[in-house]
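Chemist: pasting the sequence and the predicted model now:
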Amino acid sequence: MSDPVDNAVNQLGEKERTHFNLPTPRMPDIKVFSGSSHPHIAKTIVARLGLPLGKATTKKFSNHETSVEIGESVRGDDVYIVQSGCGEINDNLMELFIMINACKIASASRVTAVIPCFPYSRQDKKEKSRAPITAKLLANLVSVAGADRVITIDLHSTQIQGFFNIPVDNLYAEPAITKWIKENIPEWRDSVMVSPDAGGVKRMTSIADRLDIDFAIIHKESQKVGEVNSTVLVGDVNNRTAIMVDDLADTCDTIVKGAEKLRESGAKKVYAILTHGVLAGNAIEKINNSYLEALVVTNTIPQEKNMKVCPKLQTIDISVMLAEAIRRTHYNESVSYLFTNVPY
């Protein structure tokens with residue numbers, strides 16, 4: 001509970017402070033710590049902010065329990081912990097919870113979980129009887145661990161924000177994707193935006209509106225029992241460049257089959273741009289053998305190893321948006337500017 005005397009002092013103006021010889025309240029320092037899932041993006045964020053990366057040590061005991069030690073004082077500080085939902089997801093989540101709790105009980109003023117790729121986001125509803133809503137469970141765990149706020153990018157469903165009882169800043173990759181298209185596809189003005197399935201139509205049309213270009217949809221038609229589903233392209237891509245967009249690609253089956261359908265329909269080139277490139281299983285092999293000109297993903301998930309074996313894979317740096325979101329959150333500024341713009 002806050003001290004009423006401290007609150008009264010904080011509300012005094014500069015003249016009153018000088019008269020009573022009272023100190024000006026100190027702005028909490030920013031401390032940014034990195035988990036082990038994606039240290040590169042954390043280093044890029046602190047470089048953008050002009051800060052050193054916070055000292056924290058994570059390790060595993062012989063029985064595979066996670067151990068975390070915060071190596072510097074965080075008392076009264078505004079703490080940000082960067083941990084993406086990738087790699088050994090469950091271990092990394094446990095590491096995140098422990099880091100949040102360690103900072104909280106060390107008297108940090110505020111702890112924000114920066115989760116570029118929010119895991120379990122596809123499990124956001126009951127698909128069948130007795131199925132869990134795991135995204136809701138994860139939201140509860142983040143809150144119980146002690147986080148005061150969450151910053152993430154392109155949740156699979158925006159309503160996941162409602163699963164939390166703390167503020168959630170869900171940033172959009174659309175501004176960065178739009179910028180990449182303008183800078184890297186010379187014929188973008190005559191291209192067509194494409195959604196590989198019905199679920200991504202809203203995201204696709206939003207980017208198409210930004211670029212003021214046409215759009216198309218790949219629709220899956222269900223056949224009789226025992227027959228393979230067929231796909232129908234709604235829209236014209238003949239002799240034009242097609243740009244598919246989606247929020248996440250795991251096995252890449254949808255993207256690869258979509259590229260095949262677009263080429264069959266007369267598209268000259270096919271690009272695919274995704275926010276989260278999970279690229280599990282033999283996804284890289286599928287991409288290399290596909291009709292895709294390039295597969296472009298943001299760096300919410302590390303892609304260094306994949307890029308070495310997949311010449312078609314390219315990345316968009318999203319750390320500038322995360323760094324600006326951290327800066328604006330720290331100074332209690334609006335982050336809505338980032339919904340439509342890429343910071344310089």
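Modeler: Done, it's in.

Chemist: quick check: pLDDT value at residue 232.
Modeler: Confidence at residue 232, expressed as pLDDT, is 89.

Chemist: which SS class is it?
Modeler: strand (DSSP: H, G, I helix; E, B strand; the rest coil).

Chemist: and the residue lying closest to residue 197 once chain neighbours are set aside, what does it touch?
Modeler: For residue 197, the nearest residue in space outside its immediate sequence neighbours is residue 254; the separation is 6.1 Å by C-beta to C-beta, 6 or more residues apart in numbering. C-betas here are computed from N, CA, C, even on glycine. For residue 254, the residues meeting the contact criterion (C-beta atoms under 8 Å, 6 or more residues apart in numbering) are 196, 197, 246.

Chemist: closest to residue 120 out of those residues?
Modeler: Nearest to residue 120 among the contacts of residue 254 is residue 246, at 18.0 Å by C-beta to C-beta.

Chemist: ok, now which ones touch residue 302?
Modeler: So, once contact is read as C-beta under 8 Å, 6+ apart, residue 302 ends up touching 38, 40, 41, 86, 87.

Chemist: how far away is it from residue 84?
Modeler: Distance of residue 302 to residue 84, given as C-beta to C-beta, to the nearest Å: 8 Å.

Chemist: quickly list what's touching both of these two.
Modeler: Taking C-beta under 8 Å, 6+ apart as the contact definition, residue 302 and residue 84 share the neighbouring residues 38, 41.

Chemist: highest neighbour count among the contacts of residue 254?
Modeler: Taking other C-beta atoms under 10 Å as the neighbour criterion, residue 196 ranks highest of those with 26 neighbours.

Chemist: any idea which element the nearest residue to that residue once chain neighbours are set aside lies in?
Modeler: Counting by C-beta to C-beta, 6+ apart, residue 196 lies nearest to residue 258, which is 3.9 Å off, once chain neighbours are set aside. Element membership of residue 258, judged by DSSP states H and E, is helix 253-264.

Chemist: immediately after that helix, which helix or strand?
Modeler: Per DSSP H and E, the first helix or strand lying C-terminal to helix 253-264 is strand 269-277.

Chemist: each with direction, which strands does that next one pair with?
Modeler: Paired strands of strand 269-277, with direction, are strand 241-249 (parallel), strand 294-298 (parallel) (DSSP bridges).

Chemist: OK, contacts around the closest residue in space to residue 319 that isn't next to it in sequence?
Modeler: Excluding its sequence neighbours, the residue lying closest to residue 319 (C-beta to C-beta, 6+ apart) is residue 44, at 4.0 Å. Taking C-beta under 8 Å, 6+ apart as the contact definition, residue 44 lies against 317, 319, 323.

Chemist: for residue 113, see how far away residue 44 is.
Modeler: Using C-beta to C-beta, one gets 18 Å for the distance from residue 44 to residue 113.

Chemist: where do the helices sit along this structure?
Modeler: Remark: helices of the chain, listed N- to C-terminal, are 4-10, 14-20, 39-49, 89-105, 134-145, 174-184, 201-211, 253-264, 283-288, 304-309, 319-330; assignment by DSSP state H.

Chemist: what average pLDDT does the first one get?
Modeler: Read that as helix 4-10. This predicted structure assigns helix 4-10 an average pLDDT of 48.

Chemist: what about the helix holding residue 258, average pLDDT?
Modeler: Mean predicted confidence for helix 253-264 is 94.

Chemist: got the buried residues for that helix?
Modeler: Residues 254, 255, 256, 257, 258, 259, 261, 262, 263 are the ones in helix 253-264 that count as buried (16 or more other C-beta atoms under 10 Å).

Chemist: want to throw those into a markdown table with distance to residue 207?
Modeler: Conversion of the buried residues of helix 253-264 to a markdown table gives the following (distance: C-beta to C-beta, whole Å):
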| residue | distance to residue 207 |
| --- | --- |
| 254 | 18 |
| 255 | 16 |
| 256 | 21 |
| 257 | 21 |
| 258 | 16 |
| 259 | 18 |
| 261 | 20 |
| 262 | 16 |
| 263 | 21 |
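
Chemist: sweet, I'm off.
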